[in-house]
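Engineer: give the three-dimensional model of this entry:
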Amino acid sequence: MYSLRPSVPIRQDVPFYKDFAEVMRQEMTLNLAIAVIRAMSTRRR
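Structural biologist: Residues are numbered from 1 along each chain as shown. Purely as a prediction, here's the structure:
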């Protein structure tokens, strides 16, 4: 499990954690299907 530790002060008007969660959710949704298809195409029978 990864955790983020702020190392630089972030202004309150920059929604870093919200944006991070949204982008990670979008990328996982997009790339998970591609990764599963790729993995299944190279599986051993």
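
Engineer: retrieve the pLDDT associated with Asp13.
Structural biologist: Per-residue pLDDT puts Asp13 at 73.

Engineer: give me the number of residues near Val36?
Structural biologist: 10 (other CB atoms under 10 Å). Heads up, the C-betas are built off the backbone N, CA and C, glycines and all.

Engineer: and the gap between it and Arg44?
Structural biologist: Here the criterion is CB to CB, to the nearest Å. By it, Val36 lies 16 Å from Arg44.

Engineer: likewise Asp19?
Structural biologist: 40 Å.

Engineer: all helices for this protein, in order.
Structural biologist: Taking DSSP state H as the criterion, the chain carries its helices at 16-41.

Engineer: got any ranges where it has weak pLDDT?
Structural biologist: 10-11, 14, 45 (pLDDT under 70).

Engineer: make it 90
Structural biologist: Low-confidence segments of the chain, defined by pLDDT under 90: 1-21, 23-24, 30, 33, 37-39, 41-45.

Engineer: so which residue is dead centre in it?
Structural biologist: Central residue of the chain (CA atoms, centre = their mean): Met24, 2.8 Å from the mean position.

Engineer: quick check: that residue vs Met1, distance?
Structural biologist: Distance from Met24 to Met1, by CB to CB: 13 Å.

Engineer: kindly report the same for Val8.
Structural biologist: 22 Å.

Engineer: go on, Asp13?
Structural biologist: For Asp13 relative to Met1 (CB to CB), the value is 29 Å.

Engineer: neighbour-wise, which of these two wins?
Structural biologist: Asp13 (5 against 2).

Engineer: quick check: that one vs Ser7, distance?
Structural biologist: For Asp13, the distance to Ser7 - CB to CB - is 19 Å.

Engineer: who's more crowded, Asp19 and Arg44?
Structural biologist: Set Asp19 next to Arg44 and count neighbours by other CB under 10 Å: Asp19 wins out with 10 against 3.
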